[in-house]
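**Q** quick one: sequence and predicted model below, then my questions.
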Amino acid sequence: MQGLHNAVLNGDTITLPAGTFTWRTRVNLTKAVTLRGAGVGATIIRDAVQGGNLISWTLAAGRSSRLTGIEFQNGGRTSYHNGVVTVTGSNTNGSRFRMDHCKWDENVNGSPLFDTVIGVVDHNRFIRRTGEDGHAFWVFGSHWNGSGAGDGSWSAPTNFGSSQFLFFEDNTFTSTHPSYLISLCDAYDGARFVLRHNTITGFTFQNHGTESSGRRRGTRATEFYNNYCDGRNLNQFVGGSRSGSQVIHHNTCVNFWSGGTWNLQNYRSYAAFPVFGGADGTNPWDVNDPIVYFTGTAAQNSSGTTVTVSGNPNWTTNRWVGYVVRRTTNLCNVTNANTFGLIVGNTSNTLTWIPNAFTELSALSICAGDSVEIRKVIWAMDMPGRARGSLLANVFNPPVPRGWNDQVTQPVYAWNNGSMHLVTNLPNIHEGEHYHHNTPMPGYTPYIYPHPLTGNGGAAAGRYTPAAVTLNK
């Protein structure tokens, strides 16, 4: 296969006949070709690669490429790989990609990955089971505008309703796990993608924020509409988001508890992570209220996630919900723990914060006599409902740019989703500010459906006359 690819020209078609092929070494594709099988159940590629990708496809500038008519099965890969088929493109060089009429079998030990790909994934069947390999696909935007880690995607306009996304449409996604919903997808590095007109059974939509992936930024923008989602009465979560902007509309959601929910989350609000830290009210990556609302000392060691302060501040109950408590001394020499917590309740002289379960750091703990203060974060970096911002330096620990905190508000909008509703367990994510329920996004129009690439025959011929090249069994 590799030698055949090396011999063809941009615009050619490589045809795989009916049969089962076990591939033990990676195939590197760098040309604008159509890789065509005889159809699902007829042409089967079994993945027996033990390290790295089965197919690594770098899209050719100014041209379209296509993957069609192939069923992918496990051929003996012993460990899960994120990106069994990896497609890498660009939003600036005119490359386009279509994957259609393929099947991803549940026993493939990994998922496909699309990085900065503009195009469409349509009329495929994805069958998954459980655990890490439950993802049907991954999406990155690490090369957006030529900048790494998703920085270029975050600094650029969103352009909802445009062609500048990877579209997943008219696919069937099926989970075979009998007991709980598994993650349909994962995404970060400024990913931008659209799911529309799909049938989704036994999955929940998920992505990463700017947190546990370290230097890599969270998902930038997604659209989710006209999908049929069946929760199989296993849970309430149709989906969720940990960063960026979303539009969610006209979905049919059945067999979810309480009609279904879409959860908005921001882990940095209550946990510190490498590179960008946590939203503690003083972090320069966030927009912080400069006021220190309270300073005092702990009357005794914190109990669980609650501390009693000295004196009698006589606070109104739950006055500080959504604010941040910071420990500014460390009398007990606490190590490997957060120094702040997001307040979820208070009495006249106690503060209670949310537990931390998402980093190697334990939740905030405070010793008797420790100094504490209360602060407020107005906007956390890259949180749900946030967009744009200055372009960061392409280094692992970037300096805070001059004029930072110039991100803008772009709330999450959801409408016409039946009884499915947006929710959050964080008191600093506010309806009417960070998200709008049952409210269409002003000025938004979805991109043309079906996607134009589904009707143009796939790979463009370019200046050559396409040749059909058959790989014999």
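**A** Looks like it arrived, so ask away.

**Q** going forward, measure contacts between C-alpha atoms and count neighbours the same way
**A** Will do.

**Q** list the contacts of the most far-flung residue of the chain relative to its centre.
**A** Seen from the C-alpha centroid of the chain, the residue lying at the greatest distance (CA atoms, centre = their mean) is G311, 45.5 Å away. Taking CA atoms under 8 Å, 6 or more residues apart in numbering, we find G311 in contact with N349.

**Q** so it lies in a strand, does it not?
**A** No - G311: not assigned to a strand; according to DSSP: H, G, I helix; E, B strand; the rest coil it is coil.

**Q** per-residue confidence for it?
**A** Note on G311: pLDDT of 94.

**Q** P466 now?
**A** P466 is given a pLDDT of 36.

**Q** do the same with A460
**A** pLDDT, A460: 35.

**Q** one more: S212?
**A** 94.

**Q** cool, and the one 10 residues further on?
**A** pLDDT for T222: 98.

**Q** secondary structure element holding it?
**A** Taking DSSP states H and E as the definition, T222 sits inside strand 221-225.

**Q** can you check N233 too?
**A** N233 belongs to no helix or strand, assigned by DSSP H and E.

**Q** skipping adjacent residues, who's closest to it in space?
**A** N255 (4.7 Å; CA to CA, 6 or more residues apart in numbering).

**Q** and that neighbour, how far from V408?
**A** Counting by CA to CA, to the nearest Å, the gap from N255 to V408 is 36 Å.

**Q** ok, back up a step: tell me how many other residues surround the residue nearest to N233.
**A** Neighbour count of N255, defined by other CA atoms under 10 Å: 18.

**Q** what do you get for A368?
**A** 18.

**Q** could you do F114 as well?
**A** Quick note: F114 (other CA under 10 Å) scores 23 neighbours.

**Q** gap between it and W262?
**A** 24 Å.

**Q** tell me what the helix or strand just after the strand holding T222 is packed against?
**A** Next helix or strand after strand 221-225 toward the C-terminus (DSSP H and E): strand 228-230. Counting contacts by 3 or more CA pairs under 8 Å, 6 or more residues apart in numbering; DSSP states H and E, strand 228-230 is packed against strand 199-201, strand 252-254.

**Q** so what strands line up beside the last one?
**A** Right, the one you point to is strand 252-254. As defined by DSSP bridges, the strand partners of strand 252-254 come to strand 228-230 (parallel).

**Q** tell me which helix or strand comes right after the strand it pairs with.
**A** Downstream of strand 228-230 (by DSSP H and E), the next one is strand 237-241.

**Q** residues contacting Q206?
**A** 183-187, 239-241.

**Q** would JSON lines of those with pLDDT and neighbour count be doable?
**A** Below are the contacts of Q206 laid out as JSON lines (pLDDT from 0 to 100; neighbours: other CA atoms under 10 Å):
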{"residue": "S183", "pLDDT": "95", "neighbour count": "24"}
{"residue": "L184", "pLDDT": "97", "neighbour count": "24"}
{"residue": "C185", "pLDDT": "96", "neighbour count": "19"}
{"residue": "D186", "pLDDT": "96", "neighbour count": "18"}
{"residue": "A187", "pLDDT": "97", "neighbour count": "24"}
{"residue": "G239", "pLDDT": "98", "neighbour count": "19"}
{"residue": "G240", "pLDDT": "97", "neighbour count": "19"}
{"residue": "S241", "pLDDT": "97", "neighbour count": "24"}
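
**Q** can you list these in TSV and add distance to T43?
**A** Shown next, in TSV, are those (distance: CA to CA, whole Å):
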residue	distance to T43
S183	28
L184	25
C185	26
D186	28
A187	29
G239	34
G240	36
S241	37
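
**Q** list of residues touching stretch 354-373?
**A** 212, 267, 270-273, 292-302, 304-305, 307, 325-332, 334, 336-344.

**Q** now do the strands in the stretch 151-300 of the chain.
**A** 166-169, 172-175, 182-183, 185-188, 192-196, 199-201, 203-204, 221-225, 228-230, 237-241, 245-249, 252-254, 261-264, 287-297 (DSSP state E, counting those that start in this stretch).

**Q** within the sheet, what are the partner strands of the fourth one, with directions?
**A** Its sheet considered, strand 185-188 pairs with strand 137-140 (parallel) by DSSP bridges.

**Q** picking that back up, from the contacts of stretch 354-373, which ones fall inside helices?
**A** Counting by DSSP state H, these place none of their members in helices.

**Q** narrow those to just the buried residues.
**A** By neighbour count, with 16 or more other CA atoms under 10 Å, the contacts of stretch 354-373 hold 212, 267, 270-273, 297-299, 301-302, 305, 307, 325-327, 329-330, 337-344 as buried.

**Q** just the pLDDT at Y413, thanks.
**A** At Y413, the pLDDT recorded in the model is 98.

**Q** what distance do you get for it to S212?
**A** For Y413, the distance to S212 - CA to CA - is 25 Å.

**Q** show me what the strand holding T222 is packed against.
**A** Packed next to strand 221-225, using 3+ CA pairs under 8 Å, 6+ apart, are strand 192-196, strand 245-249.

**Q** what would it look like as CSV? C-alpha coordinates only.
**A** Taking C-alpha atoms only, strand 221-225 is exported to CSV below (Å, rounded to 0.1, in the frame of the first residue of the first chain):
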residue,chain,number,x,y,z
ALA,A,221,-16.4,26.1,19.3
THR,A,222,-19.0,23.4,18.5
GLU,A,223,-22.4,23.2,17.0
PHE,A,224,-24.8,20.3,17.9
TYR,A,225,-28.1,20.2,16.1
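
**Q** please parse the protein into its domains.
**A** 2-271+407-455, 287-379 (automatic domain parsing).

**Q** so which of the ones you listed gets nearest N397?
**A** Closest to N397 of the domains of the chain, according to CA to CA: domain 2-271+407-455, at 7.3 Å.

**Q** can you give me the end-to-end span of that closest one?
**A** 29 Å.

**Q** got it, and stretch 18-32?
**A** Start-to-end, stretch 18-32 (CA to CA) is 23 Å.

**Q** in that stretch, what counts as buried?
**A** 18, 20-21, 23-32.

**Q** ok now it, how far from the chain's centre?
**A** 28 Å (CA atoms, centre = their mean, to the nearest Å).

**Q** show me what the mean pLDDT comes to for that stretch.
**A** For stretch 18-32, the per-residue pLDDT averages 97.

**Q** hmm, who's touching it?
**A** With CA under 8 Å, 6+ apart as the criterion, stretch 18-32 contacts 1-2, 5, 9-12, 37-39, 42-50, 52-60, 63-66, 75, 459-460, 473.

**Q** looking at those, which are in helices?
**A** Those of the contacts of stretch 18-32 lying in helices (DSSP H): 2, 5.

**Q** put the buried members of the contacts of stretch 18-32 into a ChimeraX selection.
**A** In ChimeraX, selecting the buried portion of the contacts of stretch 18-32, with burial taken from 16+ other CA under 10 Å, looks like this:
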select :5,9,10,11,12,37,38,39,42,43,44,45,46,47,48,49,50,52,53,54,55,56,57,58,59,60,63,64,65,66,75,459,460
